[in-house]
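**Q** Starting from these lines, generate the structure:
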Amino acid sequence: MLSQPATKYQAFPAIHLPDRQWPGRTITAPPIWMSTDLRDGNQSLFEPMNLERKMRMFRTACAVGFKEIEVGFPSASQTDFDFVRALVDQGHVPPDVTIEVLTQAREHLIRRTFESVVGARRVIMHVYNATAPLFRDVVFNMSKPEVVQMAVDAVTLIQQLAKAHPETEWVLQYSPELFTSTELEFAKEVCDAVTAVWGATPTNKVILNLPATVEVATPNIYADQVEWMHRNLARRDSIVLSLHPHNDRGTAVAAAELGIMAGADRVEGCLFGNGERTGNLDIVTLALNLYTQGVNPGLDFSDINAVARTVEHCNQLPIHPRHPYVGDLVFTAFSGSHQDAIKKGFSALDKNGLWNVPYLPIDPADLGRTYDSIIRVNSQSGKGGVAYLLEAEFGVVMPRRLQVEFSGEVQSYTDQHGGEMSAQDIWALFSSTYLDSVVPLRYVGYQLIDHPHDATGQGIRLTVDAAGARHTLHGAGNGPIDAAVHALQTLGLDVQVRSFEERSTKGSAHGGDAQACAFMELSAQATDFPDRFGVGLDHNIVTASIKALVSGVNRLGLVPQGAGVAKASEKAALV
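**A** Below you'll find the predicted structure:
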């Protein structure tokens, strides 16, 4: 049993900010994005990326639209160092992209980091040291003044080395490590010292990064911390306030959203949240959250599958099938009620209006995802999902009562066989149930003829196979369907047409010309079956209707009788 929280853990104290402003704000513009896939994401891997995978990840980040990319920790790894040098020496960095490199606040590491980027057009030099009391007291045994001096000395050295390489535009980024666990007044003291020694101005801004190195509280606490810094930092107009949330509590995205509302200008994270421990901020999720609120994130995820496959290759880690926006199943509904709502939403959607489809907060097409996986059918599914797949994939728009009837057939099949049914599986079941049935009656052909005793009537010569023989049946009525019904009565097949609809199949996702599809609901007193539907498909609407009639007779389970049957070889005349 888990220990009682009061005996082992201590809740993080609330921030005293009675006039907090962030709860009343909304995000109306995207932040500055910085990808840390190649650094923080890479550090989390079982097997760090090699040069080929690093280069592929870098190109993907550029293609997505990142203008700031943290490309490594060059003082900590020869592979990282070589990769950064390759980016610079071989001209892989686009002119509108700034690379960022990370270093601890130690002289030899800073000098090594400078060696990795000499000659680059523009570089963000990201330096950090630990400021939280646990690290001051336990890990490093340093006083507050010593921590401040360590940061100041590091920034002073960076400034000196930068002046020796004026061909590069140098930007300073400073992170008080474990900001979320650092006393706010002390975090401000260190950050103010850094911006002062650098000489930050509105045209020479310092990036102050506030990392939730470890999530220690709810996202609203992080937002309070960010807003406090935003309101109290010296030289705020000379600062780019940045966020770096981790995901220890599973709330990195929420923390980033609230942090932006609290005054942050910039966020750091990985494409799909990869990072140490439980991961970093998931930039794809945050960016598309903005997109669904009408804010263009400035990042291109119009081919999200390609981005996902690249990240999976580079990280050698799979993306969860239920990962927001990109997982293979996130646009998939198995639930019958969900499927019905989605189908109705698509039918009612104004193509030129706002996106408003139940259970789909974003149009899959905006991400390059197709609609074919939105609705999938298994034993939990209902009529809406079945109807959607037949319409979307094969152009068959079923009447509602037929949806109910056929969904029962699907349910029986899935209960018996288990697993999931693809659109092709459903079409095969639909065809065998309604279109291809040859027992006990099989349609062969027909010929329409004038009724000799009624100028307004319709006669028919209908050929069917029944009881092991071919028969030609004659009937007359007020139209082709009525005439065919009367013709079937000569086989003892007495049915009534309850409803009739005909629709075009509108073609299909699998190609083929549009055809007429007839739906006929029949009843018969001679069977215990309830009313049943028959379906006919043909380029000719009359032919489709007669096929639907024969299909419905078979669905009712009626058995042809021999009395009164005229065989095809007999030249029986209409009476």
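**Q** Let me see the contact set for residue 518.
**A** 500, 501, 502, 535, 536, 537, 541, 544, 545, 547, 548 (C-beta atoms under 8 Å, 6 or more residues apart in numbering). No exception for glycine: its C-beta is placed from N, CA and C like everyone else's.
**Q** hmm, 6 Å instead?
**A** When contacts are counted by C-beta atoms under 6 Å, 6 or more residues apart in numbering, residue 518 touches 502, 536, 544, 545, 548.
**Q** pLDDT score assigned to the fourth one?
**A** Spelled out, that is residue 545. pLDDT, residue 545: 96.
**Q** swap in residue 231?
**A** For residue 231, pLDDT reads 98.
**Q** Look up how far residue 136 lies from residue 215.
**A** 20 Å (C-beta to C-beta, to the nearest Å).
**Q** Can you pick out the residue with more neighbours from those two?
**A** residue 215 (22 against 19; other C-beta atoms under 10 Å).
**Q** So which bits of stretch 43-50 are buried?
**A** For stretch 43-50, a neighbour-count test (16 or more other C-beta atoms under 10 Å) marks 43, 44, 48, 49 as buried.
**Q** so of the contacts of residue 518, which ones are in helices?
**A** 544, 545, 548 (DSSP state H).
**Q** tell me which of those is nearest to residue 401?
**A** residue 548 (14.1 Å; C-beta to C-beta).
**Q** which ones are touching that closest one?
**A** Residue 548 touches 518, 520, 534, 535, 536, counting by C-beta under 6 Å, 6+ apart.
**Q** Please repeat the previous calculation with a cut-off of 8 Å.
**A** 500, 518, 519, 520, 534, 535, 536.
**Q** go on, residue 435?
**A** 535, 536, 537, 547, 551.
**Q** Quick check: which element contains the nearest residue in space to residue 405 that is not next to it in sequence?
**A** Leaving aside its chain neighbours, residue 405 sits nearest to residue 533 (5.6 Å; criterion: C-beta to C-beta, 6 or more residues apart in numbering). In this assignment (DSSP states H and E), residue 533 forms part of strand 532-538.
**Q** Just the residues contacting that strand, thanks.
**A** With C-beta under 8 Å, 6+ apart, strand 532-538 has contacts from 399, 401-402, 405-406, 430, 434-435, 505, 515-523, 543-556.
**Q** what's the average pLDDT for that strand?
**A** Rounded mean pLDDT across strand 532-538 is 94.
**Q** Sheet partners, orientation included, of it?
**A** Strand 532-538 has the following strand partners under DSSP bridges: strand 516-523 (antiparallel).
**Q** pLDDT (mean, whole number) over stretch 199-210?
**A** Here the average pLDDT along stretch 199-210 is 98.
**Q** Endpoint to endpoint, that stretch covers what distance?
**A** With C-alpha to C-alpha, to the nearest Å applied, stretch 199-210 spans 20 Å between its terminal residues.
**Q** closest to residue 33 among the contacts of residue 435?
**A** When the contacts of residue 435 are compared against residue 33 (criterion: C-beta to C-beta), the nearest one is residue 537, at 51.8 Å.
**Q** For the chain, which segments are assigned as strands?
**A** For the chain, strands defined by DSSP state E occupy the ranges 32-35, 68-72, 98-104, 122-130, 169-177, 206-212, 239-245, 266-269, 441-450, 458-466, 469-477, 496-504, 516-523, 532-538.
**Q** Keeping just the C-alphas, turn the second one into CSV.
**A** Output in CSV follows, covering the C-alpha atoms of strand 68-72 (Å, rounded to 0.1, in the frame of the first residue of the first chain):
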residue,chain,number,x,y,z
GLU,A,68,15.7,27.9,-33.3
ILE,A,69,17.1,24.3,-32.8
GLU,A,70,19.2,23.1,-29.9
VAL,A,71,21.6,20.8,-31.8
GLY,A,72,23.5,19.2,-29.0
